[in-house]
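In: Here is the input, now give the coordinates:
(4 chains)
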There are 4 protein chains.
Amino acid sequence: MTSVVIAYHSGYGHTKKIADAVHAGAASVAGVAAKLLDVSKIDDAGWADLAAADAIVFGAPTYMGGVSAPFKTFADASAKAWFSGQWKDKVAGGFTCSMSMSGDKYSSLMYMTTLAMQHGMIWVGTGTMPAQQPGAPDAINRLGGWIGVMAQADNVPPEQSPPQGDVDSAHGYGQRIAEKARALRG
Amino acid sequence: MTSVVIAYHSGYGHTKKIADAVHAGAASVAGVAAKLLDVSKIDDAGWADLAAADAIVFGAPTYMGGVSAPFKTFADASAKAWFSGQWKDKVAGGFTCSMSMSGDKYSSLMYMTTLAMQHGMIWVGTGTMPAQQPGAPDAINRLGGWIGVMAQADNVPPEQSPPQGDVDSAHGYGQRIAEKARALRG
Amino acid sequence: MTSVVIAYHSGYGHTKKIADAVHAGAASVAGVAAKLLDVSKIDDAGWADLAAADAIVFGAPTYMGGVSAPFKTFADASAKAWFSGQWKDKVAGGFTCSMSMSGDKYSSLMYMTTLAMQHGMIWVGTGTMPAQQPGAPDAINRLGGWIGVMAQADNVPPEQSPPQGDVDSAHGYGQRIAEKARALRG
Amino acid sequence: MTSVVIAYHSGYGHTKKIADAVHAGAASVAGVAAKLLDVSKIDDAGWADLAAADAIVFGAPTYMGGVSAPFKTFADASAKAWFSGQWKDKVAGGFTCSMSMSGDKYSSLMYMTTLAMQHGMIWVGTGTMPAQQPGAPDAINRLGGWIGVMAQADNVPPEQSPPQGDVDSAHGYGQRIAEKARALRG
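Out: Numbers count the residues shown, from 1 in each chain, chains lettered A, B, ... in the order given. As a prediction, the model looks like this:
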């Protein structure tokens, strides 16, 4: 089995909703086992899951211009995995969520890419065209995210936002990551 | 008089619409003279205007992940001004326009900041709060741009898009840049 | 008096050495009071100092591709100051330190700029030319940092590294920040 | 055969020296054909080579904070390939060269990644640990580049600089890219 771990932090549940969709998308691919990992509660078993994974998808809300502090705390702790080359050549991807349509989502995704590159991972983006009707709630890639999934949440409960377009984008991204990880595993 | 130059490139007129609004905003400030400069047609008089300016606002569409090539050609040509420290301590700002709500607008603004920093300029961002109703066509800072103005244009003529919210955001930004340039001039 | 606060985190003392130099440079400017603030131990008095400052210089080591997690924790906590516009129009700057000559120092400085822009601050970079002899231990701006000071530390105690060139660069940067803050204060 | 194209621009030959090393590294891998393409002189045959490639490695000097204008002109022209999805799922990588040890090399590599992500490509970084003796002329990854190869050239002819460490880093990177492209080709 090809293993995909979604390593995320979520503050109020909106990023978790996107993580769930990436998870479902990855799990829908034949021969792939997907697992959700809340990095703010990571333990030895979590680190072992990451070490054993074929792909790791990073996820965090964008707070004050970048990935949330709990995610950065996890990233710093991954230095141990870096020293021993544990994540080298794994597939990597990322997603983020914030209230603005654009804001600094790019900054968060760029950071995740930078982290993955230090680990020697292989980055897979969304591979989707931008929505023809920019911002339309039901459209795939409605915001124009390519490095990873950009999601936008209004200040309402996760059940209501991010909208279906972001959820569908995340689902498709999970599938893409899983397929690439399976292909690279050979 | 405090002098503000809006140094922009526009492919199809949408970025020009934003440049016009920044220009109008800067020109509305007492004691400030504002000038539009199409960097794809820059000549010796244009370079002289930039050398004499108190503030330079960069503007370009986001094409293929970053500022348009004509803008980058201008930026590379500014190496001469850099060697002689011509732009040092001037106020700098920036704006960009593309079709997606988010896309890689941040990448373009970040590049403009990087260019300005090499020149030793002083960067002034939008200083606005994000729109409470994300994406609303008439709202100030509807996309969440802080480094500079993020504008979004549908695939229609400039008369119809970017919407009024982006134009108003650009107008307010022109005012802010002009005020800071006037204050720093002393 | 113009007030400059150096808001830094340091893991092993190398970034603290740079913070000290920025502090000394700022304090050397007539009419300027400078203060060091370890953001990993910030309390109410620290937040009050930041609210009252004319300039804030951010400093953090680059860990795993970006600012250290303790710095990001501080940045996230600054959301409260952001909501109330406390830092708006203050001067901002930044510095970072890591073991590689380049590495991801740019990523950390870019993040600090992004944070400052959300706060509506005004960014002042180093304003120095790059060293003619790249990397020379005693040269000003030996690594080529413009957004802020880039320092490099070998895996030895802070007394031995970063070298004098980085310390001198930081001292000059502290002066520059203080002068700009004083000028903008009017 | 797996095909790798090194799509580069070089102003004075220093970036070309790195391109040559990436080319030699890729060509040294069994079952791989490598080709150098000067993007400032690209013609229909060049675009066809890119369309047929399994991997494209981007290369450009860092000028004024980002990739050189001739490279950006090429990037903008690749919009045609983007619309038709020609580069989707190809392996991508990048390298840059400038005079400073750090400077804005990260900005250029980040831009190349952003370009590749819009195209739906799969990014492979250097996958190397940083040099234990930072900056040492003969060391692999002496500057700390992970997104792609960071090279540094003194203001002397290409025969003398960048040093052997950067050339060796580029050679190893060419090998890595070729091996990943071959693996993904299946």
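
In: and chain A, which of its residues are near chain B?
Out: Counting by C-beta under 8 Å from any C-beta of the partner chain, the residues of chain A close to chain B are A:65, A:98-107, A:130-131, A:134-135, A:142-146, A:150, A:152, A:154. To be clear about C-beta, it is placed using only N, CA and C from the backbone, and glycine gets the same treatment.

In: Return only those of those found close to chain D.
Out: Within those, those near chain D by C-beta under 8 Å from any C-beta are residue A:146.

In: Just the buried subset of the residues of chain A next to chain B, please.
Out: Neighbour-count burial (16 or more other C-beta atoms under 10 Å in any protein chain shown) is assigned, among those, to A:65, A:98-107, A:130-131, A:134-135, A:142-146, A:150, A:152.

In: May I have the residues that are in contact with residue A:71?
Out: Residues near residue A:71 by C-beta atoms under 8 Å, 6 or more residues apart in numbering or on different chains: A:8, A:9, A:39, A:40, A:58, A:59, A:60.

In: at 6 Å what do you get?
Out: With contact taken as C-beta atoms under 6 Å, 6 or more residues apart in numbering or on different chains, residue A:71 is in contact with A:9, A:60.

In: Restrict the helix or strand containing it to CA atoms and write it as PDB.
Out: Assigned by DSSP states H and E, residue A:71 belongs to helix A:69-77. Provided in PDB are the C-alpha atoms of helix A:69-77 (Å, rounded to 0.1, in the frame of the first residue of the first chain):
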ATOM      1  CA  ALA A  69       2.600  28.900  15.100                       C
ATOM      2  CA  PRO A  70       1.600  25.300  16.000                       C
ATOM      3  CA  PHE A  71       2.400  24.200  12.500                       C
ATOM      4  CA  LYS A  72       5.800  26.000  12.700                       C
ATOM      5  CA  THR A  73       6.500  24.300  16.000                       C
ATOM      6  CA  PHE A  74       5.900  21.000  14.200                       C
ATOM      7  CA  ALA A  75       8.100  22.100  11.300                       C
ATOM      8  CA  ASP A  76      11.000  23.000  13.600                       C
ATOM      9  CA  ALA A  77      10.600  19.600  15.400                       C
END
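
In: moving C-terminal of it, what's the next helix or strand?
Out: As assigned by DSSP H and E, the chain's next helix or strand after helix A:69-77 is helix A:79-83.

In: mind listing what whichever helix or strand comes after that following helix pairs with, with the direction of each?
Out: Scanning forward in sequence from helix A:79-83 by DSSP H and E, the next helix or strand is strand A:91-98. Partners of strand A:91-98 in the sheet, by DSSP bridges, are strand A:55-63 (parallel), strand A:122-124 (parallel), strand A:149-152 (parallel).

In: so which of those is the most packed in?
Out: Ranked by mean neighbour count, the strands paired with strand A:91-98 are led by strand A:149-152 with a mean of 30 (mean count of other C-beta atoms under 10 Å in any protein chain shown).

In: got a list of contacts for it?
Out: A:18, A:95, A:97, A:101, A:105, A:143, A:162, A:166, A:169, A:170, A:173, B:102.

In: How far does that strand sit from its chain's centre?
Out: With C-alpha atoms, centre = their mean, to the nearest Å as the basis, strand A:149-152 stands 10 Å off its chain's centre.
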